[in-house]
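# got a structure for you, letters missing:
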C-alpha cells in the first residue's frame, strides 16, 4: 500500500470527526476521533515505509540434518 493511499484513511477519519462535532457538538468523541487520526498519520509517516523490511537473517547451513527425520 502506498503512503499516499494510506494517508487517505486518517484524513477521512478527521473528516468524520469534524462532521461528528458539527452534528452533535460533543467534544469528547470528536477529540478521540481526531487523536486517532493523528496517531494513524504518525504511524503511516514513520513506520509504514519500513513495514516490508525483513532485516538480517541467519545464513542457511547446507550440512544441517534434521534429527526428527
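Nice, thanks for sending it over. Because the structure is predicted, anything quoted here is derived from the model rather than measured.
# List the contacts of the helix or strand of the chain with the lowest mean pLDDT.
Lowest on mean pLDDT, DSSP states H and E among the helices and strands of the chain sits helix 3-24, with a mean of 88. Residues outside helix 3-24 that contact it (Cβ atoms under 8 Å, 6 or more residues apart in numbering) are 26-27, 29-31, 33-34, 36-38, 40-41, 44-45, 48-49. (Each C-beta comes from the backbone N, C-alpha and C, glycine too.)
# name the helices or strands packed onto the helix or strand just after that helix?
Following helix 3-24 in sequence order, the next helix or strand is helix 27-46 (DSSP states H and E). Counting contacts by 3 or more Cβ pairs under 8 Å, 6 or more residues apart in numbering; DSSP states H and E, helix 27-46 is packed against helix 3-24.
# any idea how far the helix it packs on is from the chain center?
15 Å (Cα atoms, centre = their mean, to the nearest Å).
# what do you get for stretch 45-52?
From the chain centre to the centre of stretch 45-52 is a distance of 8 Å (Cα atoms, centre = their mean).
# Could you do stretch 24-31 as well?
24 Å.
# So for it, what gets flagged as buried?
By neighbour count on 16 or more other Cβ atoms under 10 Å, the buried set for stretch 24-31 is residue 30.
# what does stretch 35-42 give?
37, 40, 41.
# any idea which of those residues is closest to residue 57?
residue 40 (30.1 Å; Cβ to Cβ).
# and the gap between the closest one and residue 14?
Relative to residue 14, residue 40 is positioned 9 Å away (Cβ to Cβ, to the nearest Å).
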